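[1] Got a sequence here, can you model it:
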Amino acid sequence: MGNFSIALSGLQADSVALNTIGNNLANLNTTAFKGQTTSFEDLFYQQIGESGSGDAIQLGAGTRVSGTSTNFTQGTILPDTNANSADMALAGTGFFVVQQGGVQSLTRAGNFQLSSSGSLITQDGQQVMGYPAVNGVVNQNSSLAPITIPVGLNEGAQATQNFSITANLNSNATVGTPYSSPVTIFDSLGQSHQATVTYTKTGTNTWSYSVDLPAGDYAPGTATNNTGTLTFDTSGNLVSPTGSVNNITFSGLTDGASDLSFNWNLNNSSGNPTISQLASASSNTANSQDGFTSGVYQSFTVDPSGVITAQFSNGRTSTVGQLAVATVANTAGLTASGGNNFSTTAASGLATIGVAGAGGRGMVDDGALEQSNVNISTEFSNLIVAQRSFEANSKTVTTFDTISQDVLAMVR
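    As a prediction, the model looks like this:
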């Protein structure tokens, strides 16, 4: 009898709805899970006649599932109590790009971890993709590559090649008055040395200078290009030497390092001299140099644009890459593939891949995770409705069964 098939179609559709609701509730605590909703539509109709006015008399054939839609609204973003930099959330539009076996997928779940080799991976081992950095510079025009953190890397020492001092020399000082500026520099072994620049006033607007290391740090008499004269104009601006003092060299370092040769930069990044002579007390306000001792990897951080920076024990930092973030034209067209992943389809369109904060993409929130967007109150309400619908269709089956039995009884 057709009556049974109508009720059975309702039971089947309600079963799908109950499964969807159950899956939503089961994933209440799944990172960045996106809840789904089941929708129905009526089946075809059979015309069994016409009314006296000519209106069609139709008999419906039941219902079916018309689709399951995914709610891609953002879940609540909560800070990670462990402040784990491998945990990340996307605040706004977009998906992280992950890959396994050469197949790329999209995910909102940023509960990543580090493998033993330093690869940034998902909980089930997929590689997190991004743009690599070469010599600390990210190339966003390059192909996507797995993000690798330099776990266990020992960064070698770098000898000082340039140093700079920002200071003022007192124009009212008497001839013969000395003043010194200390600056720490490093040799090729990463050993620090306390260099001292000593200025001595030799006349109006002129000062001699001498760059020295402690006597026991190098072979006596081997220093070259470490002395000279600074000349200032009547406004206290340095006029000679200009730009820098090059190739200040100390040979025969007692710790066995290579000869130490460096430049003294006398101008800042804007091209203005950093040494002045004004009628105020001589003072040092800043100094900088580009050498450093060796250091081992300690941790990494991720900024809002997805740039990943590694920190080393020597205080140095190094950019290692930038996370890729993808968007699609129609998120409703994505298909869930399990493991918190989505795959693109013809309906969603191809993924447009870029970086966070550009092209309408959201920003990366480091040390935080996006929660499931499932609303438990709504799901319980939907569960009651689906349950009652299932019971109603079940009652329809039993009613049709009773009627069938009555018909058979009439025959007997």
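[2] Find the residue ranges of the protein scoring beneath the pLDDT cut-off.
    1-2, 60, 401, 406, 412 (pLDDT under 70).
[3] Show me where it has its helices.
    Taking DSSP state H as the criterion, the chain contains helices spanning 2-26, 376-411.
[4] Quick one: residues contacting the most centrally placed residue in the chain.
    Centroid-nearest residue in the chain, with Cα atoms, centre = their mean: residue 306, separated by 2.8 Å. Listed by Cβ atoms under 8 Å, 6 or more residues apart in numbering, the contact partners of residue 306 are 130, 322-325, 355-357, 364. From N, CA and C alone the C-beta is placed, and that goes for glycine too.
[5] do the same with residue 376
    Counting by Cβ under 8 Å, 6+ apart, residue 376 touches 25, 28.
[6] Tell me the one among the contacts of residue 306 nearest to residue 295.
    residue 322 (22.6 Å; Cβ to Cβ).
[7] thinking the closest one is in contact with residue 308, fair?
    Yes: under the criterion of Cβ atoms under 8 Å, residue 322 makes contact with residue 308 at 6.7 Å.
[8] more crowded one of those two?
    Between residue 322 and residue 308, residue 308 has the larger neighbour count (other Cβ atoms under 10 Å), namely 26 against 23.
[9] Pull up the pairing partners for the longest strand seen in the chain, direction included.
    What stands out as the longest strand in the chain, according to DSSP state E, is strand 192-203. Take DSSP bridges as the rule and strand 192-203 pairs in its sheet with strand 178-186 (antiparallel), strand 206-212 (antiparallel).
[10] Same list (those strands) but as JSON lines, adding mean neighbour count and distance to residue 246.
    Below are the strands paired with strand 192-203 laid out as JSON lines (neighbours: other Cβ atoms under 10 Å; distance: least, Cβ to Cβ, whole Å):
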{"stretch": "strand 178-186", "mean neighbour count": "18", "distance to residue 246": "15"}
{"stretch": "strand 206-212", "mean neighbour count": "19", "distance to residue 246": "12"}
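[11] Return the most buried member of the helices of the chain.
    Highest mean neighbour count among the helices of the chain (mean count of other Cβ atoms under 10 Å): helix 2-26, with a mean of 17.
[12] Counting by contacts, list what that one packs against.
    Helices and strands touching helix 2-26, by 3 or more Cβ pairs under 8 Å, 6 or more residues apart in numbering; DSSP states H and E, are strand 36-42, strand 63-70, helix 376-411.
[13] Which residue ranges of the stretch 251-400 of the chain form strands?
    Listed in chain order, the strands of the stretch 251-400 of the chain (DSSP state E, counting those that start in this stretch) span 260-265, 275-278, 283-289, 295-302, 307-312, 317-323, 325-327, 335-338, 341-343, 352-354, 363-366, 368-370.
[14] can you tell which of those is closest to residue 42?
    In terms of Cβ to Cβ, the element of the strands of the stretch 251-400 of the chain nearest to residue 42 is strand 335-338, at 25.6 Å.
[15] do you know how far residue 192 is from residue 157?
    Plainly put, residue 192 is 10 Å away from residue 157 if you go by Cβ to Cβ, to the nearest Å.
[16] and the chain, what are its domains?
    According to automatic domain parsing, the chain comprises the domains 2-72+373-411, 81-154+296-370, 162-289.
[17] Now do the end-to-end distance for the second one.
    Separation of the first and last residues of domain 81-154+296-370 by Cα to Cα, to the nearest Å is 13 Å.
[18] List the buried residues of stretch 329-336.
    Going by neighbour count (16 or more other Cβ atoms under 10 Å), the buried part of stretch 329-336 is 331, 334.
[19] ok, now stretch 197-208?
    Using 16+ other Cβ under 10 Å as the test for burial, stretch 197-208 gives 197-201, 205, 207.
[20] residue ranges of the strands in the stretch 101-250 of the chain, please?
    Here the stretch 101-250 of the chain has its strands, by DSSP E, counting those that start in this stretch, at 103-107, 113-114, 120-121, 127-134, 137-138, 145-146, 154-155, 162-170, 178-186, 192-203, 206-212, 227-232, 238-240, 244-250.
[21] Kindly present those as CSV, with separate columns for distance to residue 343.
    Shown next, in CSV, are these (distance: least, Cβ to Cβ, whole Å):
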stretch, distance to residue 343
strand 103-107, 6
strand 113-114, 23
strand 120-121, 19
strand 127-134, 15
strand 137-138, 27
strand 145-146, 19
strand 154-155, 39
strand 162-170, 51
strand 178-186, 51
strand 192-203, 54
strand 206-212, 64
strand 227-232, 68
strand 238-240, 64
strand 244-250, 57
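[22] The ones you listed: which one's closest to residue 337?
    Nearest of the strands of the stretch 101-250 of the chain to residue 337, taken as Cβ to Cβ: strand 103-107 at 6.3 Å.
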